[in-house]
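Engineer: Need the 3D shape of this:
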Amino acid sequence: MERYSEKVGAFVRGLVLDDVPSEVREKAKLILLDTLGIALASSTMDFGHMVLDVARVLGGARESRLIGTQQKVAAANAVLANGTLAHGLDYDDTLEEAIVHTGCCGAVTALAVGEATGASGKRMLEAVVAGVEVMCKVGLVAPGKFHARGFHPTALCATFGAAAAAGKLYGLEASQWADAFGICGSQSSGIIEYLADGTWSKRLHPGWSGHGGIIAVLLAAKGFRGPASVFEGKHGFYRSFGGDGEYHLERLAELGKSWEIRRIAFKSYPCGSISHPYMDCALKLRRKHSFRPEDIEEITCRTAEGPVHRLWEPLKEKQRPASSYGAKFSLPYSIAVMLVRGRAGLEEFSDQAIHDAEVLSLAEKVRYELDPTIDYPRHFSGHVRIKLRGGTILEENQPFPRGGLESPLPPEEIEDKFRANAGMALTREKVEKIVASVKNLERLPSIEALSSLLTPD
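Structural biologist: Sure thing, here's the model as predicted:
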């Protein structure tokens with residue numbers, strides 16, 4: 001009987017860009033562009049400097065660019081840093097239901113291994129599609145189960161996505177794919193205890209998992225063995241990280257038949273993706289009605305039970321985040337900052353902003369109530385009800401996040417987001433050259449033409 005690891009490997013090995021729907025190819029390029037912009041912005045920040053320094057120390061063959069620097073290191077070490085940069089601002093794409101961020105794995109790994117192998121833009125884009133699709137399907141087998149047990153889905157699933165992208169470019173033989181994915185099962189890791197104090201381990205997750213995915217492929221190519229039953233086994237990936245229960249393993253067999261890239265959402269705000277529909281509701285209320293923050297008596301939001309332990313509780317701590325990174329996973333703070341400032345960009349999640357007395361005073365008025373009818377994690381929806389002094393009730397609902405399939409961002413807006421992020425590290429001339437290169441990615445004879453732009457003058 002063919003194992004699921006063999007089926008996934010067969011999909012990746014047989015993937016040809018010309019057979020991929022054009023809208024999937026174009027969106028994959030936007031995911032790459034969005035990812036590069038976030039990584040460039042992160043390369044200017046303290047946590048970015050730290051992970052880049054570590055990657056330099058690890059070193060290795062000078063084959064893959066450390067984004068935002070002049071240096072190259074071994075591909076796995078480049079992905080360790082670049083994946084961390086790409087996810088470090090929590091500004092990167094998300095697939096609802098699977099709750100995974102994909103560009104920080106698929107795009108970053110395809111870039112690094114593409115450089116290492118001298119790939120063309122077309123070959124790199126194939127690898128991006130392979131990595132993103134595999135990561136998404138791996139996550140869709142177990143929606144909500146990883147978070148429920150304290151694991152970060154992106155961290156767990158990115159290992160397999162990175163292996164798909166890397167193996168595509170390294171040219172794994174048909175017999176080696178099951179070994180590669182089998183090894184990935186023991187490379188996957190990532191707990192969500194960062195929620196307790198707003199520390200930084202989540203930033204590292206896709207970098208570490210991408211690093212592990214490349215290592216798994218390199219080992220499999222040498223003949224190192226891994227369990228072919230990694231997905232369906234009694235002690236396999238899903239039962240180990242998700243516990244006992246029903247799993248939709250058939251989703252893995254849908255690779256190439258349905259394309260998840262179509263459903264991936266881009267972020268408008270640099271914070272947890274589940275927060276976005278709530279923040280959109282708050283912004284709509286602010287724009288539609290004339291009230292001041294001090295006029296608000298109480299704010300109540302309906303929520304599914306799943307996100308409560310990540311975005312709502314402990315409520316007193318979420319109302320007054322201990323760190324700027326922790327504020328990214330606080331719905332009381334995110335809603336309050338939107339109502340007070342009318343925007344939520346990088347500045348609103350800075351060390352200075354989280355001490356804004358007006359924002360914190362309003363955050364203390366934000367509460368939640370459980371709504372069992374919300375179909376989470378299949379859909380991320382938002383609801384905000386404001387009670388003003390005097391008894392007036394203002395209410396807004398949003399059934400899906402802006403930036404996804406139901407309400408996509410226009411490509412121009414994603415390009416502008418890239419320009420703003422990349423402009424923190426690069427000149428305007430280089431920023432525009434990157435936009436043009438990504439738009440024409442499949443026509444680049446070598447991706448060195450793109451990677452060479454990802455460094456300050």
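Engineer: Can you pull up the most central residue in this structure?
Structural biologist: Central residue of the chain (CA atoms, centre = their mean): H101, 2.2 Å from the mean position.
Engineer: Let me know whether it touches T94 as I believe.
Structural biologist: Yes. Judged on CB atoms under 8 Å, H101 makes contact with T94 at a distance of 5.7 Å. All C-beta atoms are positioned from the backbone trio N, CA, C, and that covers glycine.
Engineer: burial count for the nearest residue to S361 once chain neighbours are set aside?
Structural biologist: Distance criterion CB to CB, 6 or more residues apart in numbering; nearest residue to S361, sequence neighbours excluded, is P293 at 7.6 Å. Applying other CB atoms under 10 Å, we find 15 other residues in the vicinity of P293.
Engineer: got a list of what P293 touches?
Structural biologist: Residues counted as contacts of P293 (CB atoms under 8 Å, 6 or more residues apart in numbering) are A336, L339, V340, E358, S361, L362.
Engineer: The fourth one contacts L339, doesn't it?
Structural biologist: No. E358 is not in contact with L339 according to CB under 8 Å; the separation is 9.8 Å.
Engineer: how about the residue of the chain positioned farthest from its centre, secondary structure?
Structural biologist: Relative to the centre of the chain, and counting by CA atoms, centre = their mean, the farthest-placed residue is G390 at 42.4 Å. Under DSSP: H, G, I helix; E, B strand; the rest coil, the three-state class of G390 is coil.
Engineer: ok, back up a step: what's the farthest-apart pair in the contacts of P293?
Structural biologist: By the measure CB to CB, L339 and S361 form the most distant pair in these, at 11.2 Å.
Engineer: Kindly confirm whether my reading is correct that V8 touches L252.
Structural biologist: Yes. The criterion here is CB under 8 Å, and V8 meets it with L252 at 5.7 Å.
Engineer: what about these two, which has more around it?
Structural biologist: The residue with more neighbours, out of V8 and L252, is V8; 27 against 21, by other CB under 10 Å.
Engineer: where's that one, which helix or strand?
Structural biologist: Secondary structure from DSSP states H and E places V8 in helix 4-14.
Engineer: Could you tell me the average pLDDT over stretch 122-137, please?
Structural biologist: Averaged over stretch 122-137, pLDDT sits at 98.
Engineer: quick revisit: between V8 and L252, which contacts overlap?
Structural biologist: K137, F231.
Engineer: need the contact list for W208.
Structural biologist: Each residue near W208 by CB under 8 Å, 6+ apart is listed here: L80, G83, T84, A155, S189, G190.
Engineer: before we move on, the earlier item: buried stuff in the helix holding V8?
Structural biologist: Y4, S5, E6, K7, V8, G9, F11, V12, R13 (16 or more other CB atoms under 10 Å).
Engineer: now the strands: where do they sit in the stretch 1-150 of the chain?
Structural biologist: Along the stretch 1-150 of the chain, counting by DSSP state E, counting those that start in this stretch, strands occupy 64-65, 72-73.
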